[in-house]
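Enquirer: sequence-free structure coming up:
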């Protein structure tokens, strides 16, 4: 079978090199090239080695967008660039592997999704943890009723970023570190619980560094019979103690930190079932590092394009994640 020709639009997203590496090791993908609109950025990457060494660079985006042999494009620009770039890709009739989050402009994102659906195109968001075996297991338990009625989800996904990164984010986005990272956890939360009826966020600057940047944040998401709490800070000492916890009326499941590679789940059950014992136990999981989850994302993307599987998430879910993120960061009221 012929390989799927893909390209990459942009290189400034934090996942850009990892996504390019995933394409390079996928036997079903042929990389046509990369377009980076910032010539200084391109020049720096051309001499940097690593994933960008030896790639073909398009001099103009039309070389990529107008090439009918290119079936799909990875959208890897800065968050401030990527929604415009993704809309260009969709308008050119190509599938998009789109790195998070889906911009600040909610009407534009809705329009881009509608255009993709009209054209029969796939937009798959780059939430790598949905392909992580521990997260998949916990979501399966939660959605199947194995844990009973889920009444709470708690997620902690802090990081430590530079002052330059804080300035760059605050120059173009409201919500600070929650805007940047919150989508990863919301991808899990709304997959399990659906659309929250109420969203409340606490977006603070507690370091005094870059006053416009919210560096200590908490989102509280209210559902009919459940609560979800997502806290994200930008100044946690590394390695960060990232956690994901789901609590139900018949059991709880906690991915033992660090959740990458996520090698254990603490499972606690009210009664024995499905081969698991009553009470506390630790379930061993193969787990995956970041590079492998990028590869799993791409494998699903390619399989969906080829018609071998349905999308792992419907476009309604991709819309819901972004709507909920913007409700938390102030881009949408409610």
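Expert: Good, I have the coordinates. The structure presented is a predicted model; accordingly, all values stated were derived computationally and were not measured.
Enquirer: contacts and neighbour counts: CA atoms only from here.
Expert: Fine.
Enquirer: any idea which residue sits dead centre in the chain?
Expert: Nearest residue to the geometric centre of the chain (CA atoms, centre = their mean): residue 127, 2.3 Å.
Enquirer: Which helix or strand contains the closest residue to that one other than its chain neighbours?
Expert: Spatial nearest neighbour of residue 127, chain neighbours left out: residue 184 (5.6 Å); criterion: CA to CA, 6 or more residues apart in numbering. Element membership for residue 184, per DSSP states H and E: helix 176-193.
Enquirer: How far off centre is that helix?
Expert: 8 Å (CA atoms, centre = their mean, to the nearest Å).
Enquirer: helices or strands up against the following helix or strand past it?
Expert: Downstream of helix 176-193, the next assigned helix or strand under DSSP H and E is strand 198-204. In terms of contacts (3 or more CA pairs under 8 Å, 6 or more residues apart in numbering; DSSP states H and E), strand 198-204 is packed against strand 216-222, helix 315-329.
Enquirer: Now render those as a markdown table, adding distance to residue 278.
Expert: A markdown table is the format used below for the helices and strands packed on strand 198-204 (distance: least, CA to CA, whole Å):
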| stretch | distance to residue 278 |
| --- | --- |
| strand 216-222 | 30 |
| helix 315-329 | 34 |
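Enquirer: Tell me which of these sits nearest to residue 100.
Expert: Nearest of these to residue 100, taken as CA to CA: helix 315-329 at 9.1 Å.
Enquirer: now the angle from the closest one to strand 216-222?
Expert: 120 degrees (axes from the mean of the first three to the mean of the last three CA atoms, to 10 degrees).
Enquirer: Check which helices and strands helix 315-329 sits against.
Expert: Taking 3+ CA pairs under 8 Å, 6+ apart as the contact cut, helix 315-329 packs with helix 106-119, strand 123-125, helix 176-193, strand 198-204.
Enquirer: From the chain's centroid, how far away is the second one?
Expert: Right, strand 123-125. 9 Å.
Enquirer: Note down every partner strand of that strand and its orientation.
Expert: strand 95-98 (parallel) (DSSP bridges).
Enquirer: Quick one: residues in contact with the partner strand.
Expert: 71-76, 86, 89-90, 121-126, 298, 301, 305 (CA atoms under 8 Å, 6 or more residues apart in numbering).
Enquirer: Kindly report the same for stretch 43-54.
Expert: 17, 18, 20, 21.
Enquirer: which residues in the protein form strands?
Expert: Counting by DSSP state E, one finds strands in the chain at the ranges 4-9, 29-35, 72-75, 95-98, 123-125, 150-156, 198-204, 216-222, 227-233, 243-248, 251-255, 264-269, 279-284.
Enquirer: now the angle from the first one to strand 29-35?
Expert: Same thing as strand 4-9. 20 degrees.
Enquirer: Direction included, what does strand 4-9 pair up with?
Expert: Assessed with DSSP bridges, strand 4-9 is paired to strand 29-35 (parallel), strand 72-75 (parallel).
Enquirer: Mind putting the ones you listed into CSV with distance to residue 286 and mean neighbour count?
Expert: Shown next, in CSV, are the strands paired with strand 4-9 (distance: least, CA to CA, whole Å; neighbours: other CA atoms under 10 Å):
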stretch, distance to residue 286, mean neighbour count
strand 29-35, 26, 21
strand 72-75, 28, 28
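Enquirer: out of these, which comes closest to residue 327?
Expert: strand 72-75 (23.7 Å).
Enquirer: from the chain's centre, how far out does the closest one sit?
Expert: 15 Å.
Enquirer: got it, and stretch 140-151?
Expert: 23 Å.
Enquirer: one step back: would you mind giving the helices and strands packed on helix 315-329 as JSON lines with mean neighbour count, distance to residue 165 and mean pLDDT added?
Expert: Below are these laid out as JSON lines (neighbours: other CA atoms under 10 Å; distance: least, CA to CA, whole Å; pLDDT from 0 to 100):
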{"stretch": "helix 106-119", "mean neighbour count": "16", "distance to residue 165": "24", "mean pLDDT": "98"}
{"stretch": "strand 123-125", "mean neighbour count": "24", "distance to residue 165": "22", "mean pLDDT": "98"}
{"stretch": "helix 176-193", "mean neighbour count": "24", "distance to residue 165": "10", "mean pLDDT": "97"}
{"stretch": "strand 198-204", "mean neighbour count": "18", "distance to residue 165": "17", "mean pLDDT": "97"}
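Enquirer: Would you mind saying which of these lies nearest residue 264?
Expert: Among the helices and strands packed on helix 315-329, helix 176-193 sits nearest to residue 264 (CA to CA), with 17.8 Å.
Enquirer: Tell me the helices and strands packed up against the closest one.
Expert: helix 133-144, strand 150-156, helix 163-172, strand 216-222, strand 227-233, helix 315-329.
Enquirer: Thanks a lot, see you next time.
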